[in-house]
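Trainee: fold the following for me, if possible:
(3 chains)
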Amino acid sequence: MPELPEVETIVRSLRPMVAGRRIIEAEFCGCGSREALHRRLQRILATPPVEFQRRIQGARIEAVERYGKHVVFNLRTNGSQDERLYLLVHLGMTGRLTCENTPEFRSKHTHLVLSLDDSGRSIHYSDIRRFGRIRLAERLGEEFSKLGPDPLQISREELFRLLRTRRAMLKSLLLDQRFLRGIGNIYADESLFRAGIHPAAIASRLGRVRAQRLYEGIRETLSLAIAEGGSSISDYVDASGQPGFFQLQHQVYQRTGEPCLRCGQEFGSKIRKMIIASRSTHYCPRCQRK
DNA sequence: ATCGGTACCTGCACGC
DNA sequence: TGCGTGCAGGTACCGA
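Mentor: Got it, this is the predicted structure:
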């Protein structure tokens, strides 16, 4: 599900509900045998479950932030000396982070519940496909050192410089979190359409003008998507359970065979789909020439 | 350096 | 109704 705009929306909705609260208890859940639960947790958590519970219990949530597609909980543990601890959540394809008011509620795919010192309120982590990951870290640097710049913070010049050094196809590059952090399949396609650039174009061959169009295309797409609360295709909701609405403004993503919204009326062009980096890639053959 | 393939999961739509 | 197939927002790892 979640790319930069969805994660940003989750963080913004979660923050006012949990910032300043203390985590009373971490509870792991899920149906199936004890061994099945253990295997599942081993994949989802990098830390052994018991150690995870021990370290997080009693910690205060000082801040909730986004780093690329990660949700970062800034924690202060209540050990003898106040220590910083980071809870890092990556939502994979179908992960959800929601705030619940009913203490006993569990959805079918809830894996972790963090109960808060706030009249039965809790943070729920659920994930149907279990591609998401949860980690504890003392430092952010080790976890995030491989990630590229944030596409909303990078400057036009910096993007141009980075593009010049790479010979990959743009679609592959935009999906690469070491190049830019936060863009996924939806927003790669939507950004390239807004920029009017073919997804298979080679990065290093972009001139200054087209690089600038890409820069604007990415910024426009991401900020509009954030303003609409993200794209809800099937699973995504924010921390209050509200869907996003940017899917109603998708120009190319999952519109294969439908008329291009920019030139379809006039020229009858239809959105096409091709595979790049083994991912579906949607584009208008007329608006995005090679 | 970059690419394709595979693996990890469940659910859903589709054709038969 | 059920079964098989393919596809889905992500990433890591492999060998070429």
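Trainee: what parts of chain A come near DNA strand B?
Mentor: Proximity of chain A to DNA strand B is confined to A:39, A:43, A:108-109, A:128-131, A:166-169, A:172, A:234, A:276-278 under the rule Cβ under 7 Å from any atom of the strand. Glycine gets a C-beta too; all of them are placed from N, C-alpha and C.
Trainee: how far off centre is stretch A:208-222?
Mentor: Relative to its chain's centre, stretch A:208-222 lies at 20 Å (Cα atoms, centre = their mean, to the nearest Å).
Trainee: what do you get for stretch A:57-65?
Mentor: Relative to where its chain is centred, stretch A:57-65 has its mean C-alpha point 20 Å off (Cα atoms, centre = their mean).
Trainee: what's that stretch in contact with?
Mentor: The set of residues that contact stretch A:57-65 without belonging to it, under Cβ atoms under 8 Å, 6 or more residues apart in numbering, is A:11, A:14-15, A:18-26, A:71-78, A:85.
Trainee: at 7 Å instead, please
Mentor: Where contact means Cβ atoms under 7 Å, 6 or more residues apart in numbering, the residues beyond stretch A:57-65 that reach it are A:11, A:14-15, A:18-23, A:25-26, A:71-78, A:85.
Trainee: shaky segments in the stretch 51-200 of chain A?
Mentor: Scanning the stretch 51-200 of chain A with the threshold set as pLDDT under 70 gives A:80.
Trainee: got the residue ranges for the helices in it?
Mentor: The residue ranges that make up the helices of the stretch 51-200 of chain A, judged by DSSP state H, counting those that start in this stretch, are A:140-144, A:156-164, A:170-175, A:185-195.
Trainee: may I see those organised as a markdown table, with distance to residue A:5 and mean neighbour count added?
Mentor: As requested, the helices of the stretch 51-200 of chain A are exported to a markdown table (distance: least, Cβ to Cβ, whole Å; neighbours: other Cβ atoms under 10 Å):
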| stretch | distance to residue A:5 | mean neighbour count |
| --- | --- | --- |
| helix A:140-144 | 19 | 14 |
| helix A:156-164 | 18 | 16 |
| helix A:170-175 | 14 | 23 |
| helix A:185-195 | 7 | 25 |
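Trainee: looking at those, which is nearest to DNA strand C?
Mentor: DNA strand C sits nearest to helix A:185-195 of all the helices of the stretch 51-200 of chain A, at 3.5 Å, using Cβ to the nearest atom of the strand.
Trainee: so what does that closest one touch, helix or strand wise?
Mentor: In terms of contacts (3 or more Cβ pairs under 7 Å, 6 or more residues apart in numbering; DSSP states H and E), helix A:185-195 is packed against helix A:170-175, helix A:208-227, strand A:279-283.
Trainee: and residue A:50, which of the ones you listed is closest to it?
Mentor: Nearest to residue A:50, of all those, is helix A:170-175, at 36.3 Å by Cβ to Cβ.
Trainee: residues in contact with that closest one?
Mentor: Contacts of helix A:170-175 with the rest of the structure, by Cβ under 7 Å, 6+ apart, involve A:166, A:179-180, A:183-185, A:188, A:191-192, A:197, A:199-201, A:203, A:276-277, A:279, A:281.
Trainee: buried among the residues you listed? Need that as a selection in PyMOL.
Mentor: Listed next is the PyMOL selection for buried residues among the contacts of helix A:170-175, using 16 or more other Cβ atoms under 10 Å:
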select buried, chain A and resi 166+179+180+183+184+185+188+191+192+197+199+200+201+203+276+277+281
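Trainee: can you name the residues bridging to the nearest residue to residue A:254 once chain neighbours are set aside?
Mentor: In space, not counting the residues next to it along the chain, residue A:254 is nearest to residue A:282; the distance is 6.8 Å by Cβ to Cβ, 6 or more residues apart in numbering. Beta-bridge pairing for residue A:282 (DSSP bridges): residue A:273.
Trainee: for the closest residue to DNA strand B within the stretch 1-150 of chain A, give its distance to residue A:53.
Mentor: When Cβ to the nearest atom of the strand is the measure, the stretch 1-150 of chain A has its nearest residue to DNA strand B at residue A:129, with 3.1 Å between them. With distances defined as Cβ to Cβ, to the nearest Å, the gap from residue A:129 to residue A:53 amounts to 24 Å.
Trainee: quick one, which of those two is more surrounded?
Mentor: Remark: of residue A:129 and residue A:53, residue A:53 carries more neighbours, 15 against 12, as counted by other Cβ atoms under 10 Å.
Trainee: thank you kindly, that will do.
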